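K.L.:
Below are the sequence and a predicted model for it; my questions follow.
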Amino acid sequence: MKAFSSPMAVGDYCNDMILNKIVVNPEYQRSPKIWKGEARSFFIESIILGYPIPKLFLHSKIVLKTKQSIKEIVDGQQRSMALRDFFNNKLRLSKNIETEELRGKTYNLLADEFKEAFLSYSLPLDQFTGVSDSSVREAFRRMNSNNVPLNEEEKRHARYQGPFKWFVNALATEYKDRFLDAGVLSARDFIRMSDYKLITDIVYAIIHGILTTKSKELDSIYSNYDKEFPQEEALTTQMKSALDAALDLGPLKSTDLCKPYIFYTLVLAHAARQQATIELQASIQRGREHAAAAGDIDQLDLTDLIELLDGSEVHAIHPFVKACSEKTNVKEPREVRLAYLHAAIGRPVEQ
């Protein structure tokens with residue numbers, strides 16, 4: 001059984017939906033209420049900007065009563081509804097999307113170049129023709145069962161559509177190339193949204209202090225700020241400043257400081273230097289207490305810390321080295337790293 005490629009321009013697709021030539025089969029689809037405004041806006045923006053989207057699947061069949069053919073949407077209801085609503089001026093794009101010229105616009109308020117880009121976009125569409133409903137249901141079941149399971153970050157970004165999700169999305173988009181250039185994350189990491197997880201983990205620590213963050217904690221911050229995110233403006237400023245400072249590594253670029261779990265605490269160290277919450281200050285203090293035996297926390301700059309890591313076999317018992325080599329994403333090692341890095345960035349790096 002094959003589905004044949006039948007690409008269709010958005011304008012033609014929307015007109016066929018309005019004429020009921022393309023219809024929803026609820027047997028295959030979830031409620032359209034699952035997709036919130038931000039997600040719909042992001043999808044429409046992607047269409048206008050020409051980005052690729054996942055395929056839609058239709059089942060072409062004859063309705064004996066009307067003696068006409070219709071196409072049922074097998075996969076892609078929510079995307080189809082978003083396209084139709086925007087086409088009919090019933091969807092206003094969010095003011096939080098990335099393209100300034102599109103923010104807050106309905107279709108009829110778009111510049112002509114954007115209208116043309118939207119209407120002419122070629123939807124990737126596969127069509128089942130001349131097959132039974134049961135065969136299509138089996139194909140749909142197999143499509144879903146063969147999908148790669150989503151990781152926790154992908155699930156969060158599918159489940160939550162509020163302001164916190166789009167705050168993380170904006171930062172990830174802005175810093176993607178710099179993360180890659182610094183060696184903090186690889187191209188493969190971006191595919192599975194590791195940059196989103198890193199940013200979320202940092203923001204969680206700024207607000208709550210350092211913990212051994214698991215899925216439950218990261219889910220909670222998305223849930224808590226899924227409707228309102230009053231700290232968004234302040235945290236955007238703080239995160240950008242901290243990320244810029246952490247990525248401004250100069251001769252220290254591509255060193256151990258760029259390992260994701262160390263970079264996490266480096267960003268937090270810069271964030272704490274700007275404005276530390278009580279919770280983050282407490283994390284730094286606990287880290288200092290854990291490292292007190294070494295007695296050198298206020299004497300080392302970033303170069304010194306890298307040299308310790310380069311000679312990790314010799315310095316294996318040093319608190320900072322241990323915190324960078326054992327249980328690296330657990331609360332106590334994270335706090336020790338933060339304490340050392342917070343002290344180190346306050347000292348000039350010797351050239």
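P.N.:
That came through fine.

K.L.:
in the stretch 201-350 of the chain, which segments are predicted with low confidence?
P.N.:
For the stretch 201-350 of the chain, the stretches flagged by pLDDT under 70 are 312-314, 347-350.

K.L.:
Helices of that one, start to end?
P.N.:
215-224, 232-247, 260-275, 278-290, 302-310, 319-323, 331-344 (DSSP state H, counting those that start in this stretch).

K.L.:
Report the buried residues of stretch 288-301.
P.N.:
288, 290, 291, 294, 297, 300, 301 (16 or more other C-beta atoms under 10 Å). For every residue, glycine as well, the C-beta is placed using N, CA and C.

K.L.:
Looking at those, which two lie furthest apart in space?
P.N.:
290 and 301 (20.3 Å; C-beta to C-beta).

K.L.:
check which helix or strand covers residue 92.
P.N.:
Using DSSP states H and E, residue 92 sits within no helix or strand.

K.L.:
from the chain's centre, how far out does the helix ranked longest in the chain sit?
P.N.:
Identified as the longest helix of the chain according to DSSP state H is helix 163-182. Helix 163-182 sits 7 Å away from the centroid of its parent chain (C-alpha atoms, centre = their mean, to the nearest Å).

K.L.:
ditto for stretch 152-162
P.N.:
Counting by C-alpha atoms, centre = their mean, stretch 152-162 comes out at 8 Å from the chain centroid.

K.L.:
Okay, buried residues for that stretch please.
P.N.:
Within stretch 152-162, the residues scored as buried using 16+ other C-beta under 10 Å are 153, 154, 156, 157, 160, 161, 162.

K.L.:
Residues touching it, excluding its own?
P.N.:
Stretch 152-162 is contacted from outside by 35-39, 150, 165, 169, 192-194, 196-197, 200, 215, 218-219, 222-223, 225-227, 229, using C-beta atoms under 8 Å, 6 or more residues apart in numbering.

K.L.:
Need the CA coordinates for it. PDB is fine.
P.N.:
C-alpha atoms of stretch 152-162 as PDB (Å, rounded to 0.1, in the frame of the first residue of the first chain):
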ATOM      1  CA  GLU A 152      11.400  14.600  27.800                       C
ATOM      2  CA  GLU A 153      12.300  17.900  26.300                       C
ATOM      3  CA  GLU A 154      10.300  17.200  23.200                       C
ATOM      4  CA  LYS A 155       7.300  16.100  25.200                       C
ATOM      5  CA  ARG A 156       7.400  19.400  27.200                       C
ATOM      6  CA  HIS A 157       7.500  21.500  24.100                       C
ATOM      7  CA  ALA A 158       4.600  19.500  22.600                       C
ATOM      8  CA  ARG A 159       2.600  19.700  25.900                       C
ATOM      9  CA  TYR A 160       3.000  23.300  26.900                       C
ATOM     10  CA  GLN A 161       2.300  26.300  24.700                       C
ATOM     11  CA  GLY A 162       2.500  29.200  27.100                       C
END
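
K.L.:
quick check: mean pLDDT across it?
P.N.:
Stretch 152-162 shows a mean pLDDT of 83.

K.L.:
just stretch 131-138 next, same as before
P.N.:
80.

K.L.:
unless I'm mixing things up, residue 82 is touching residue 40, no?
P.N.:
Yes: with contact defined as C-beta atoms under 8 Å, residue 82 reaches residue 40; the gap is 4.2 Å.

K.L.:
what is in contact with these two at once?
P.N.:
Contacts common to residue 82 and residue 40, judged by C-beta under 8 Å, 6+ apart, are residue 91.

K.L.:
separation between the closest residue to residue 53 other than its chain neighbours and residue 210?
P.N.:
Nearest non-adjacent residue to residue 53, counting by C-beta to C-beta, 6 or more residues apart in numbering: residue 46, 6.3 Å away. Distance from residue 46 to residue 210, counting by C-beta to C-beta, to the nearest Å: 35 Å.

K.L.:
out of the two, which sits in the more crowded spot?
P.N.:
residue 210 (27 against 14; other C-beta atoms under 10 Å).

K.L.:
Test my guess that the more buried one contacts residue 280.
P.N.:
Yes: contact criterion C-beta under 8 Å: residue 210 and residue 280 qualify, at 7.5 Å.

K.L.:
joint contacts of the two?
P.N.:
Shared contacts of residue 210 and residue 280, defined by C-beta under 8 Å, 6+ apart, comprise residue 268.

K.L.:
Number of residues surrounding the residue lying closest to residue 210 once chain neighbours are set aside?
P.N.:
Excluding its sequence neighbours, the residue lying closest to residue 210 (C-beta to C-beta, 6+ apart) is residue 283, at 4.1 Å. Neighbour count for residue 283, taken as other C-beta under 10 Å: 26.

K.L.:
OK, contacts around residue 283?
P.N.:
So residue 283 contacts 205, 209, 210, 334, 335, 338 (C-beta under 8 Å, 6+ apart).

K.L.:
cool, and residue 284?
P.N.:
Listed by C-beta under 8 Å, 6+ apart, the contact set of residue 284 reads 272, 276, 335, 338, 339, 342.

K.L.:
rerun that using 6 Å as the cut-off
P.N.:
Contacts of residue 284 were listed using C-beta atoms under 6 Å, 6 or more residues apart in numbering, and they are 338, 339, 342.

K.L.:
ok, back up a step: only whichever of the contacts of stretch 152-162 are buried, select them in PyMOL.
P.N.:
Buried residues among the contacts of stretch 152-162 (16+ other C-beta under 10 Å), as a PyMOL selection:
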select buried, resi 35+38+39+165+169+193+194+196+197+200+218+219+222+225+226+229
